[in-house]
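In: A structural model of the following input is requested.
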Amino acid sequence: MEEIKALTEDKLQEITKSGRVVLEFSAAWCPDCRFLDPFLPEIEKDFSEAKFYKIDRDDSIDVAKKLMIMGIPSFVVYQDGKEIGRLVNKDRKTKDEVEKFLRSLD
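Out: Numbering: from 1, shown residues only. All right, here's what the predicted structure looks like:
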């Protein structure tokens, strides 16, 4: 999973323009984000048709606000430049919840 410390509007357009893209908004201080970290490589492997990016929400606050990312960890999924789904709330997420969400987009 590629990490993007500071996501700009231009970079968002660039990375989401083609294919399936999953953005995970996270932060170093977030315990619920750290809870999910060990499962992310497996989730990424199970959904290998998608490109995954970990976004530092605090250093990407302008884009996060525009996308209405209020709680973390949160996931936003794009297909060929268009948002097709989001799992955005402040609750802790489990591996099963994330996988169920990603499967629901097919």
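In: Look up the residues forming beta bridges with the residue nearest the centre of the chain.
Out: The structure's the chain has its C-alpha centroid closest to residue 24; by CA atoms, centre = their mean the separation is 1.9 Å. Note on residue 24: beta-bridge partners by DSSP bridges are residue 54, residue 75.
In: Now do the contacts for it.
Out: Counting by CB atoms under 8 Å, 6 or more residues apart in numbering, residue 24 touches 1, 40, 52, 53, 54, 55, 73, 74, 75. Glycine gets a C-beta too; all of them are placed from N, C-alpha and C.
In: Okay, strands next: where are they in this structure?
Out: 2-4, 20-26, 50-56, 74-79, 82-87 (DSSP state E).
In: what's the angle from the third one to strand 74-79?
Out: Okay, so that is strand 50-56. For strand 50-56 against strand 74-79, the angle by axes from the mean of the first three to the mean of the last three CA atoms, to 10 degrees is 140 degrees.
In: Tell me which residues are up against strand 50-56.
Out: Outside strand 50-56, the residues touching it (CB under 8 Å, 6+ apart) are 1-7, 15, 19-28, 40, 43-44, 63-64, 77, 102.
In: Buried residues, that strand. List them.
Out: Buried residues in strand 50-56, counted by 16 or more other CB atoms under 10 Å: 50, 51, 52, 53, 54, 55, 56.
In: Could you dump these into a markdown table and include distance to residue 97 and pLDDT?
Out: A markdown table is the format used below for these (distance: CB to CB, whole Å; pLDDT from 0 to 100):
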| residue | distance to residue 97 | pLDDT |
| --- | --- | --- |
| 50 | 17 | 97 |
| 51 | 21 | 98 |
| 52 | 16 | 98 |
| 53 | 19 | 98 |
| 54 | 17 | 97 |
| 55 | 19 | 97 |
| 56 | 22 | 96 |
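In: Distance to residue 11 added to those residues, as TSV?
Out: Formatted as TSV, the buried residues of strand 50-56 follow (distance: CB to CB, whole Å):
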residue	distance to residue 11
50	18
51	13
52	15
53	10
54	13
55	10
56	12
